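>>> Structure, please.
(2 chains)
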Number of protein chains: 2
Amino acid sequence: MTTTLQDCQALDAADPLRGLRAQFNIPAGTIYLDGNSLGVMPASAPARVAEVVTREWGTDLIQSWNKHGWFQMPGQVGDKIARLIGAGAGEVVATDSTSVNLFKVLSAALNMVQADAPNGQLTRKRIISERSNFPTDLYIAEALCKQHGMELVLLEPEEIASALTAEVAILMLTHVNYRTGAMHDMAAVTAAAHAEGILTVWDLAHSAGAVPVDLTGAKADFAVGCGYKYLNGGPGAPAFVWVNPLHANRFWQPLAGWWGHAAPFAFTPDYQPAPGITRYQCGTQPMISLAALECGVDTVLAAETLGGMAALRAKSLALTDLFIRLVEERCAGHGLGLATPREHAQRGSQVCLTRDEGAYAIVQALIARGVVGDFRAGDGGIHKDILRFGFTPLYIGFEDVWHSVEHLKQVLESGEWQRPEFNRKHAVT
Amino acid sequence: MTTTLQDCQALDAADPLRGLRAQFNIPAGTIYLDGNSLGVMPASAPARVAEVVTREWGTDLIQSWNKHGWFQMPGQVGDKIARLIGAGAGEVVATDSTSVNLFKVLSAALNMVQADAPNGQLTRKRIISERSNFPTDLYIAEALCKQHGMELVLLEPEEIASALTAEVAILMLTHVNYRTGAMHDMAAVTAAAHAEGILTVWDLAHSAGAVPVDLTGAKADFAVGCGYKYLNGGPGAPAFVWVNPLHANRFWQPLAGWWGHAAPFAFTPDYQPAPGITRYQCGTQPMISLAALECGVDTVLAAETLGGMAALRAKSLALTDLFIRLVEERCAGHGLGLATPREHAQRGSQVCLTRDEGAYAIVQALIARGVVGDFRAGDGGIHKDILRFGFTPLYIGFEDVWHSVEHLKQVLESGEWQRPEFNRKHAVT
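A predicted model of the protein is given here:
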């Protein structure tokens, strides 16, 4: 029996999380399936940002560092993010960009490997990652490898298990792949790495706020993540960094700025790292953007009384299941393929479709209709061009899924996507 | 003949820059002498920030990366800052924190030194700086020295000239000292360093927007600076980084994130640095805070039609001269010393006073009266406790100077500063 619009409306009516959408002002006429690139604005953000600008900065000025707790903001927002990723209070700071934080944790991990090398002889000279990992992660790892005389080895997901050998120092993975939405089993992969003495670094850019993450349970070593995707923190919001408390006090990273000092206001000329995660702070953080990030994180925490990440996950899977089913039922014969795993355990909160030609133009035609997904180019080889649709269960409903597939069907059936205006390639993020 | 309140009022009336103060909403009853720590809010900032939050993020969402030029913002704001520091268009980006940017330029400078070493044998193994340089600069340099097996040598200003030898790789200085307001002669110091084959790295945290800076004329090698002091960019505003175009394309730094890639949206797995300064970008930047920074930079650029930095400098010197003279005339006998040089060529835009006891409490008593300066602790040795007063010529007038000295006089004569509530030490930035 095929699914109908009425079925989707019934699913929305029965959705216990439906009320969470009221936290956002989504533009009329838009079905926003790009929350995995830039989350939508929480309705609370304009007033909170205005307060930081006009009252805290404008009126209280320098006194706000104490009066409004600016100096504590990275830890305060970090503590909230911690609740979404299976970390404890005091284990996360919201700071800098994902790339900069990745540099910090990779540096710290390399320092650990160096310190633990028998007789100081470094035999582990490889960092392993996925070829289709988000490029900036690879660039940062490549830079560190260049500095340390190491090798960055890029593999397909299925090649990773057999590559975990005594030559490997660090396994660096993005938990949910940005292109395909494929998700690693964090606990199993971490255990396999640890069995070979390999440290794990996880990028949670497409996980935090999207799927349940249990860094503590998985015994992960380091993690970083993004504030402006599923955490709805605003454009370029500060990122976050977590270090397993087992490692937090032991190790060192070279972005050793004053916000990571044990006594930042003593202004001593020598660096003494603060205990724990605080040493992963470096310079002064952008307070206005941090305040917006806190609004975003709060929109996810609002689900805590409704079942939290488990409930969001259940809805997310129902949404992506529905999208896949409707695409297959209603858009059959149009050359679409599925790049996202069907198995729940291997799927993040997005669905990626492939098509041999026209993927870019189809995405543009959908955007013109108000269905905002995005396009990611393939490499001409095994990684195909991708039509990417993110499903943020906080603000996407089942009827939205119906309409987005209906638009996709019409774009394909009408040949609308072949119009010249949709075929000009230009940069989108 | 002593100076009177009426004299100060006459100076304000004759001040061609007086109208620039209308760009700010300074809280009533406040004389804000802490713009060297956190500049005041431009009156344009709330509306511009609200536009970025509500319209760009809230309504246009992901399309704003193109539609509103978010991706170009670091370069766009950088180009504006360039006009204030003697740099060309395309030579500056506004990004990350000062500490992170300092790490980038020190790394790049060390890579240059390494590449230029005869037979690859590094003989220059020292970084030289001032003992009372801003601590985070020293921490970052210390971390890099630790990584590279080098030595960080900290000196008093008068010891630097004789320390410029063939063992030195880099001279890293803050142009205007954060504690004392003493200013280096950038061109002369750079020439002396270059004569010995030493690269120069300048921190412009207390210079940009405060004193004329001519990086190009001085033939400086690298510079970083702060967005939230004299540039009025808001709490924790992104910082900036400049590289002499002679070096910009040649060298590499390890914070090699996707925003510094030659083709960031090609998503290729290998890193290819963008030409010029763009390669000093790393990860995604906080757009809301960047927009506020642009408002702040615009308040300084508004002086361009009134004589620009030269006119601001003339007023700044007149303000600090007046403050010094009034303190000496009206607060004599109260144990105050002057830590800031009297010579114009050696003075930034602040005046620092010393007192053997009570410096912290006097600052607190002044703040309670609405005269906001700040306190910086000494080291118990030659660096004394400091009462620090910043004079931002954009919004401080001569009558403000009169009243601030009058308050200081009353605080000292009445013994008000000895009240218990002013003597509790707690952190201020």
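>>> CA only for contacts and neighbour counts going forward, please
Will do.
>>> low-scoring pLDDT stretches of chain A, where are they?
Residues of chain A meeting the criterion pLDDT under 70: A:424-429.
>>> ranges for the helices of it?
Listed in chain order, the helices of chain A (DSSP state H) span A:5-14, A:45-50, A:64-67, A:73-82, A:98-116, A:135-148, A:160-163, A:186-195, A:215-218, A:245-248, A:287-301, A:308-330, A:359-368, A:398-414.
>>> which of the ones you listed is buried the deepest?
Per-stretch averages of neighbours, counted by mean count of other Cα atoms under 10 Å in any protein chain shown, single out helix A:287-301 among these, with a mean of 26.
>>> Tell me which other helices or strands that helix touches.
Of the remaining helices and strands, those touching helix A:287-301 by 3 or more Cα pairs under 8 Å, 6 or more residues apart in numbering or on different chains; DSSP states H and E are helix A:45-50, helix A:73-82, helix B:287-301.
>>> any chance of those in TSV, with distance to B:Val40 too?
Putting the helices and strands packed on helix A:287-301 into TSV (distance: least, Cα to Cα, whole Å) gives the following:
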stretch	distance to B:Val40
helix A:45-50	15
helix A:73-82	20
helix B:287-301	9
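>>> what does the stretch 151-300 of chain A have sitting close to chain B?
The interface of the stretch 151-300 of chain A toward chain B, taken as Cα under 8 Å from any Cα of the partner chain, is made up of A:234-238, A:254-258, A:265-271, A:282-289.
>>> Quick one: buried ones out of the residues you listed?
Judged by neighbour count, with 16 or more other Cα atoms under 10 Å in any protein chain shown as the criterion, the buried members of these are A:234-238, A:254-258, A:265, A:267-269, A:271, A:282-289.
>>> Can you pull out the residues in contact with stretch A:61-77?
For stretch A:61-77, the external contacting residues (Cα atoms under 8 Å, 6 or more residues apart in numbering or on different chains) are A:56-57, A:90, A:92-95, A:278, A:285, A:287, A:290, A:293-294, A:297, B:34, B:37-38, B:40, B:427-429.
>>> Would you pull up how far that stretch lies from the middle of the chain?
26 Å (Cα atoms, centre = their mean, to the nearest Å).
>>> Apart from its chain neighbours, what residue comes closest to A:Val243?
Sequence neighbours aside, A:Phe222 is the residue nearest to A:Val243 in space, at 4.6 Å (criterion: Cα to Cα, 6 or more residues apart in numbering or on different chains).
>>> That neighbour bridge partners, please.
In this entry, A:Phe222 is beta-bridged to A:Val201, A:Val243, by DSSP bridges.
>>> Okay, the closest residue to A:His184 other than its chain neighbours and B:Gly390: tell me how far apart.
Taking Cα to Cα, 6+ apart, and ignoring the residues beside it in sequence, A:His184 has A:His175 as its nearest neighbour in space, at 5.5 Å. A:His175 sits 48 Å away from B:Gly390 when distances are taken as Cα to Cα, to the nearest Å.
>>> Looking at these two, which is more packed in?
For A:His175 versus B:Gly390, neighbours defined as other Cα atoms under 10 Å in any protein chain shown are more numerous around B:Gly390 (29 against 25).
>>> Give the burial count for the residue lying closest to the more buried one once chain neighbours are set aside, as a bare number.
Computed as Cα to Cα, 6+ apart, the closest residue to B:Gly390 that is not its neighbour in sequence is B:Gln350, at 4.1 Å. Residues contacting B:Gln350 under the criterion other Cα under 10 Å number 29.
>>> Surely B:Gln350 is in contact with B:Phe391?
Yes. Under the criterion of Cα atoms under 8 Å, B:Gln350 lies in contact with B:Phe391, with a separation of 5.5 Å.
>>> shared neighbours, the two?
When Cα under 8 Å, 6+ apart defines a contact, the residues bordering B:Gln350 and B:Phe391 alike are B:36, B:320.
>>> Pretty sure the residue nearest to A:His184 sits against A:His206.
Yes. Here A:His175 lies in contact with A:His206, judged by Cα under 8 Å, at a distance of 7.3 Å.
>>> So chain A: which segments form each domain?
A:5-43+A:308-422, A:69-301 (automatic domain parsing).
>>> nearest to B:Asn133, of those?
For the domains of chain A, proximity to B:Asn133 was assessed by Cα to Cα; domain A:69-301 is nearest, at 8.0 Å.
>>> Need the residue closest to the centroid of chain A.
With distances taken as Cα atoms, centre = their mean, the residue of chain A nearest its centroid is A:Ala205 (1.5 Å).
>>> and that one, backbone torsions?
In terms of degrees, to the nearest 10, the main-chain angles of A:Ala205 are phi -50, psi -40.
>>> quick one on the thing from earlier: which among the helices and strands packed on helix A:287-301 is found nearest to A:Gly358?
Closest approach to A:Gly358 among the helices and strands packed on helix A:287-301 is made by helix B:287-301 (31.9 Å; Cα to Cα).
>>> Run the chain-centre distance for that closest one.
Taking Cα atoms, centre = their mean, one finds helix B:287-301 lying 15 Å from the centre of the chain it belongs to.
>>> That one to helix B:308-330, inter-axis angle?
If you take axes from the mean of the first three to the mean of the last three Cα atoms, to 10 degrees, helix B:287-301 sits at 80 degrees to helix B:308-330.
>>> Over to the residue nearest to A:His184: give its phi and psi.
Backbone phi and psi, for A:His175 under degrees, to the nearest 10, turn out to be phi -60, psi -50.
>>> Okay, it and chain B: tell me how far apart.
When Cα to the nearest Cα, to the nearest Å is applied, the distance between A:His175 and chain B equals 17 Å.
>>> can you count the residues close to the closest residue in space to A:Val176 that isn't next to it in sequence?
Distance criterion Cα to Cα, 6+ apart; nearest residue to A:Val176, sequence neighbours excluded, is A:Met183 at 4.3 Å. Using other Cα under 10 Å as the criterion, A:Met183 is surrounded by 23 other residues.
>>> on that earlier part again, out of the helices and strands packed on helix A:287-301, which is closest to B:Asp385?
In terms of Cα to Cα, the element of the helices and strands packed on helix A:287-301 nearest to B:Asp385 is helix A:73-82, at 28.6 Å.
>>> Just want the angle from the closest one to helix A:287-301.
Relative orientation of helix A:73-82 versus helix A:287-301 (the same axes, to 10 degrees): 20 degrees.
>>> pull the CA atoms of helix A:73-82 into CSV?
Extracted as CSV, the C-alpha positions of helix A:73-82 are listed here (Å, rounded to 0.1, in the frame of the first residue of the first chain):
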residue,chain,number,x,y,z
MET,A,73,30.8,31.2,28.2
PRO,A,74,32.9,28.6,26.4
GLY,A,75,32.6,26.2,29.3
GLN,A,76,28.9,27.1,29.9
VAL,A,77,27.9,26.3,26.4
GLY,A,78,30.3,23.4,26.3
ASP,A,79,28.6,21.9,29.3
LYS,A,80,25.3,22.1,27.5
ILE,A,81,26.7,20.4,24.4
ALA,A,82,28.2,17.7,26.6
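>>> Could you check how far A:Leu412 is from chain B?
According to Cα to the nearest Cα, A:Leu412 stands 23 Å off from chain B.
>>> Also A:Leu231?
Per Cα to the nearest Cα, A:Leu231 is found 14 Å from chain B.
>>> tell me the contacts of that residue?
When contacts are counted by Cα under 8 Å, 6+ apart, A:Leu231 touches A:39, A:208-209, A:293, A:296-297, A:299-300.
>>> Please apply the same query to A:Ala274.
Applying Cα under 8 Å, 6+ apart, the residues near A:Ala274 are A:260-263.
>>> go with 10 Å
A:Ala274 makes contact with A:249, A:258-264, A:280-281 under the criterion Cα atoms under 10 Å, 6 or more residues apart in numbering or on different chains.
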